[in-house]
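Trainee: below: sequence and its predicted model.
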Amino acid sequence: MNAVLTLISIVVCLLIVIAVPPLVTPYVEDYGVVTVFYTGRAVLLCTALASLVALFCYRQVANRSFLFKLFIAALLMRMIIGTIIFASNGQVFFGGDALAYDFFGMAQLKGWTGDRYAQSVADSFVQGWAGSGWGMVYLVAAVYGVVGRNMLAVQFVNSSFGAATTVMIFLCANHVFNNLRVARLAGVAVAFYPSLVLWSSQGLKDGPIVFFLALSMLATLRLGEKLSLKYIAALLCSLLAVLSLRFYVFYMICFAVGGAFVIGMQTLTTTGFFRQLTAIVLLGLALTYLGVTRSGSIQFERFGNLQEVQRVRDDAAHSAESGFGKDVDVSTTAGALAAIPLGLSYLLFAPFPWQLVSLRQSLTLPEMIVWWASFPMLVLGLWFSIRYRLRMISPILTFTLMLSLAYSVFQGNVGTAYRQRAQLLVFYFIFVAVGYVLMLERREEKKRAIMAEKQLLAATLGSNLARSREVHQ
């Protein structure tokens, strides 16, 4: 299997390097001149990042083979989809934000080299770290600093993040439930679910956000078991990355992580208490030193009120045909609470069949059928997790609940809700995997019970037959 994956990887990489340049010739105004060196640099950068993740997989001794195969397969899937989008110039159709990040990322790179005008252009987006998504601008600028202006390279970097997320989710699920079936199913779902593949194969911030959320959860779970500077550093870096990409998600995950440390993810002991207290103090000091409290106060003053939430939601609801709840008013506490049922139904289940009026929406139907069919297993998995694994699952459960409710209030557009659901799906799939394995185990238990009854019946009949023979003799 490893040899097959290696061969497929080589073929895919060669095809990308050689076949893409002539395909994008009509789009020279958008990409510039694309040569084999352009595509080759993108593939080499992706290979370097993939090697780091592969090394991490190799160090997971018990599951290294499965994780390596899963990561490579997920990465190849994303590279192929990303290449198709790039070769067809499909950024506007699938995710126009990629063009904005390309423009401002290049401006930021020029600003780092001393171009004041370019820096002012980049600052208009970054807004002194008070805006949303400035981290993606820095990421694009860093990539361009290494390989030159290269949108395909950015897509492949995001593909690496997306594929690495499958490894993080596998480890999270295995840590909490100690069940390989659950962990493998959750990892496979994240690796190949269409919308997760789509959003992490473009030059969008969705792929990095989901990766750093998953890394934050894994580091939190590991710190709940053992204090480690390695995982404190990983948690701190991932939290800062989330802050730079989508600031309001940062505060929710901080609340979930802090709550998990306060409550405790294991049975509380003196050692465990001091471990959790040390982790909270170290993280708090580090975040304060890095100026997170200052930028947080600026963002809270600007966005932390229901009137601003109403403005954002109203704009989303009226700016596109896929808007919903256009008469909803969340500018008051009562209005926000009243909006949750409608918003949550759209966040979880949209687009609905009667809303598939365009090609882009119709493409979602197959995966939505799978998701709708999986929802009962999600409910079953949540029930089991809350009943039997509440302490250990508390950071994931708290975060998904908070973000689900937040999006239910201020999302007013089907397309945006569908896209941002990806931040939640990676954790939802853990619960879906739990529910599926529970159903599977119950079915297996029934089969075993039926087989045991048949064997008992056969043994009884055999014993009775033997006795009747003895009587006749």
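Mentor: All right, it came through fine. Just so you know, these numbers come straight off a predicted model, no measurement behind them.

Trainee: residues near residue 240, how many?
Mentor: Residue 240 sits with 17 neighbouring residues when counted by other CB atoms under 10 Å. In this view, the C-beta of every residue, glycine as well, is placed from N, C-alpha and C.

Trainee: and the helix or strand hosting it, which residues are buried?
Mentor: Per DSSP states H and E, residue 240 falls inside helix 229-245. Residues of helix 229-245 classed as buried by neighbour count (16 or more other CB atoms under 10 Å): 231-232, 234-236, 238-245.

Trainee: ok, stretch 141-149 next?
Mentor: 141, 143-144, 147, 149.

Trainee: which of these lies closest to residue 52?
Mentor: residue 143 (15.1 Å; CB to CB).

Trainee: which residues touch that closest one?
Mentor: When contacts are counted by CB atoms under 8 Å, 6 or more residues apart in numbering, residue 143 touches 45, 105, 150, 153-154, 157.

Trainee: quick check: pLDDT value at residue 125.
Mentor: Note for residue 125: predicted pLDDT of 83.

Trainee: next, count neighbours for residue 327.
Mentor: Residue 327: 6 neighbours (other CB under 10 Å).

Trainee: next one: phi and psi at it?
Mentor: Backbone torsions for residue 327, taken as degrees, to the nearest 10, come to phi -100, psi 10.

Trainee: need the contact list for it.
Mentor: For residue 327, the contact set (CB under 8 Å, 6+ apart) is empty.

Trainee: buried ones in the helix or strand hosting residue 400?
Mentor: In this assignment (DSSP H and E), residue 400 forms part of helix 390-410. Residues of helix 390-410 classed as buried: 392-400, 402-410 (neighbour count, 16+ other CB under 10 Å).

Trainee: test my guess that residue 316 contacts residue 415.
Mentor: No. Residue 316 is beyond contact range of residue 415, at 9.2 Å (criterion: CB atoms under 8 Å).

Trainee: where does the residue lying closest to residue 319 once chain neighbours are set aside land on pLDDT?
Mentor: Excluding its sequence neighbours, the residue lying closest to residue 319 (CB to CB, 6 or more residues apart in numbering) is residue 413, at 7.5 Å. We note a pLDDT of 80 for residue 413 in this prediction.

Trainee: again with residue 444
Mentor: 85.

Trainee: again, but for residue 60
Mentor: Residue 60 is given a pLDDT of 88.

Trainee: count the neighbours of the nearest residue to it once chain neighbours are set aside for me.
Mentor: Nearest residue to residue 60, sequence neighbours excluded (CB to CB, 6+ apart): residue 67, at 5.6 Å. When neighbours are counted by other CB under 10 Å, residue 67 registers 24.

Trainee: likewise for residue 263?
Mentor: Residue 263: 15 neighbours (other CB under 10 Å).

Trainee: distance from the helix or strand harbouring residue 73 to the middle of the chain?
Mentor: Per DSSP H and E, residue 73 falls inside helix 64-87. When distances are taken as CA atoms, centre = their mean, to the nearest Å, helix 64-87 is centred 15 Å away from the chain's centroid.

Trainee: that helix - contacts with which helices or strands?
Mentor: If contacts are counted by 3 or more CB pairs under 8 Å, 6 or more residues apart in numbering; DSSP states H and E, helix 64-87 sits against helix 2-23, helix 36-59, helix 151-177, helix 180-192, helix 194-199.

Trainee: list the buried residues in it.
Mentor: Neighbour count says helix 64-87 has 66-68, 70-83, 85-87 buried, by 16+ other CB under 10 Å.

Trainee: need the next SSE after it, C-terminal direction.
Mentor: Downstream of helix 64-87, the first helix or strand assigned by DSSP H and E is helix 91-95.

Trainee: quick check: closest non-adjacent residue to residue 203.
Mentor: Nearest non-adjacent residue to residue 203 (CB to CB, 6+ apart): residue 98, at 3.4 Å.

Trainee: which residues does the one you found contact?
Mentor: Per CB under 8 Å, 6+ apart, neighbours of residue 98: 91, 151, 154-155, 202-204.

Trainee: how much space is there between it and residue 194?
Mentor: Distance of residue 98 to residue 194, given as CB to CB, to the nearest Å: 18 Å.

Trainee: any low-confidence regions in the stretch 101-250 of the chain?
Mentor: Low-confidence segments of the stretch 101-250 of the chain (pLDDT under 70): 128-132.

Trainee: distance of residue 155 relative to residue 381?
Mentor: From residue 155 to residue 381 the distance is 33 Å (CB to CB).

Trainee: apologies, that question was intended for residue 31.
Mentor: For residue 31, the distance to residue 381 - CB to CB - is 44 Å.

Trainee: likewise for residue 50?
Mentor: 31 Å.

Trainee: likewise residue 75?
Mentor: 27 Å.

Trainee: how is the protein divided into domains?
Mentor: 1-204, 227-304, 316-445 (automatic domain parsing).

Trainee: what about the last one, how long is it end to end?
Mentor: Okay, so that is domain 316-445. In terms of CA to CA, to the nearest Å, the two terminal residues of domain 316-445 are separated by 49 Å.

Trainee: name the helix or strand for the most centrally placed residue in the chain, please.
Mentor: Centroid-nearest residue in the chain, with CA atoms, centre = their mean: residue 210, separated by 3.1 Å. Per DSSP H and E: residue 210 is located in helix 206-225.

Trainee: just the CA coordinates for that helix, please, in PDB.
Mentor: Taking C-alpha atoms only, helix 206-225 is exported to PDB below (Å, rounded to 0.1, in the frame of the first residue of the first chain):
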ATOM      1  CA  ASP A 206     -10.500  28.000   6.400                       C
ATOM      2  CA  GLY A 207      -7.900  25.300   6.100                       C
ATOM      3  CA  PRO A 208      -5.400  26.900   8.600                       C
ATOM      4  CA  ILE A 209      -8.200  27.800  11.000                       C
ATOM      5  CA  VAL A 210      -9.500  24.300  11.200                       C
ATOM      6  CA  PHE A 211      -6.000  22.900  11.600                       C
ATOM      7  CA  PHE A 212      -5.100  25.200  14.400                       C
ATOM      8  CA  LEU A 213      -8.400  24.600  16.200                       C
ATOM      9  CA  ALA A 214      -7.800  20.800  16.000                       C
ATOM     10  CA  LEU A 215      -4.200  21.300  17.200                       C
ATOM     11  CA  SER A 216      -5.500  23.500  20.100                       C
ATOM     12  CA  MET A 217      -7.800  20.700  21.200                       C
ATOM     13  CA  LEU A 218      -5.100  18.000  21.000                       C
ATOM     14  CA  ALA A 219      -2.700  20.100  23.000                       C
ATOM     15  CA  THR A 220      -5.400  20.800  25.600                       C
ATOM     16  CA  LEU A 221      -6.200  17.100  25.900                       C
ATOM     17  CA  ARG A 222      -2.500  16.100  26.300                       C
ATOM     18  CA  LEU A 223      -1.900  18.900  28.900                       C
ATOM     19  CA  GLY A 224      -4.900  17.600  30.800                       C
ATOM     20  CA  GLU A 225      -2.900  14.300  31.200                       C
END
